[in-house]
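In: Okay, predicted coordinates and the sequence, questions at the end:
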Amino acid sequence: MSSAPATPRTPKVVQRVVPEKTILNFDSNETYVEDDDDTFMHQSSMILEYLDVLEDTTPDDTIQDELLNLLTEESTVEVPAESNTKEEPVADEKPALESIILAQTSEFRKFLVKHEVVRKLLHSSIGVFTLWLYTLGVHQTQIILPLATLFAVIFTNDYIRFQNPELNRKVVNTMWFLIREKEVNQYNGTLWYLVGLMIVFALFPKDISLMSVLLLSWADVSASTIGRQFGKYTPQITAGKSVAGSLASFVTGVFSCYLLYGYFIPNYNVNEPKDILWSESTSQLNFHVYALLSGFIASASEFINLWNIDDNFTIPVLSGFFLYGVAKAFEV
């Protein structure tokens, strides 16, 4: 008895529900977030939040299917109409995928990413390292060549990974705690940091250069950290900038001035005659007024958006010009 010819299967269209973003979001009504606080979050980490929605609205089997689709970026195979081939399930993927999911469930990791802890620690450590070099008598112009070398290394690394998507993916997944989402396919913000410092070290005296580094390293971090925690209690100055963040930057700028001019410069005899531009004996400004002005300069430099240029560049350069202008304007 002959059997009826097989009826071609209609391709199955699977609509994947993918989160719009792959970074942790912060409710604007709850926290204040700097414009560039968007450290890269691996896609599988976003699934943790997506699971909460699926579990309330979807059967368990569907949840697992959705996870497989999201993590492997492979939806159900679409079979051509003229073919009788059955869809092949994803084989031997679940154990590995479950391991990935478990690896991403760490609350500690989510905390590190959300608050950019590692990145901010490295950012802040630059100020400490710079002061240590100062105590050793290192002149700022001696650091320009190492900075230029580091710039070349990072630029070359970024250029190579952009040419190789697989390499780029591995680098991003490995350096998830340092790379921001906008840096996945763009050059690292550290390059702006290095260029800004090279300009400052080449143009300004030692004390102005040191203050510029401290304002970049400490004032910027304090504005972001305090602003995102307490910005909801203060007015927003502009998008992503709150009074709380600006006040934190101001206080840090004042503290940096007292620390440098009140402790390090008097206690370490490592300077040539023209290394220090501002001193109370050669200025019409007393120490306390100069410290307050340094705080205002810290807030202004952090607040100013100069043609959307990365603030790792604008903060040290603007701080350097403002501090130099104040010191020269009141010079005796």
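Out: Everything's here; your move.
In: ok, Val171 - how many residues close by?
Out: Applying other CB atoms under 10 Å, we find 17 residues neighbouring Val171. Bear in mind the C-beta positions are built from the backbone N, C-alpha and C, glycine included.
In: Low-confidence regions, the stretch 51-200 of the chain specifically.
Out: For the stretch 51-200 of the chain, applying pLDDT under 70 flags the ranges 51-106, 108-118, 175-178, 180-181, 183.
In: who are the neighbours in contact with Lys274?
Out: For Lys274, the contact set (CB atoms under 8 Å, 6 or more residues apart in numbering) comprises Pro205.
In: can we see that at 10 Å?
Out: Residues near Lys274 by CB atoms under 10 Å, 6 or more residues apart in numbering: 205-206.
In: Backbone dihedrals for it, both of them.
Out: Backbone torsions of Lys274, given as degrees, to the nearest 10, read phi -100, psi 10.
In: ok, it to Phe230 distance?
Out: Separation of Lys274 from Phe230 (CB to CB, to the nearest Å) stands at 42 Å.
In: can you check Ser224 too?
Out: Taking CB to CB as the measure, Ser224 falls 12 Å from Phe230.
In: More neighbours: those two, which one.
Out: Taking neighbours as other CB under 10 Å, Ser224 and Phe230 compare with Ser224 leading, 27 against 17.
In: That one: helix or strand, and which one exactly?
Out: Assessed by DSSP states H and E, Ser224 sits inside helix 220-230.
In: in the chain, which spans are helices?
Out: Remark: helices assigned in the chain by DSSP state H are 43-57, 60-72, 94-103, 107-114, 117-135, 144-163, 165-174, 190-203, 206-214, 220-230, 243-259, 265-267, 287-303, 311-329.
In: nearest to Ser281, of these?
Out: helix 287-303 (10.5 Å; CB to CB).
In: buried ones in that closest one?
Out: 290-291, 293-303 (16 or more other CB atoms under 10 Å).
In: by how many degrees do that helix and helix 220-230 diverge?
Out: Computed by axes from the mean of the first three to the mean of the last three CA atoms, to 10 degrees, the angle separating helix 287-303 from helix 220-230 equals 70 degrees.
In: What helices and strands are in contact with helix 287-303?
Out: When contacts are defined as 3 or more CB pairs under 10 Å, 6 or more residues apart in numbering; DSSP states H and E, helix 287-303 sits against helix 206-214, helix 220-230, strand 236-238, strand 241-242, helix 243-259, helix 311-329.
In: make it 6 Å
Out: The contact analysis (3 or more CB pairs under 6 Å, 6 or more residues apart in numbering; DSSP states H and E) places helix 287-303 against helix 243-259, helix 311-329.
In: right, and these - which one's nearest Leu147?
Out: helix 311-329 (11.7 Å).
In: angle of that closest one against helix 243-259?
Out: Taking the same axes, to 10 degrees, one finds helix 311-329 and helix 243-259 inclined to each other by 50 degrees.
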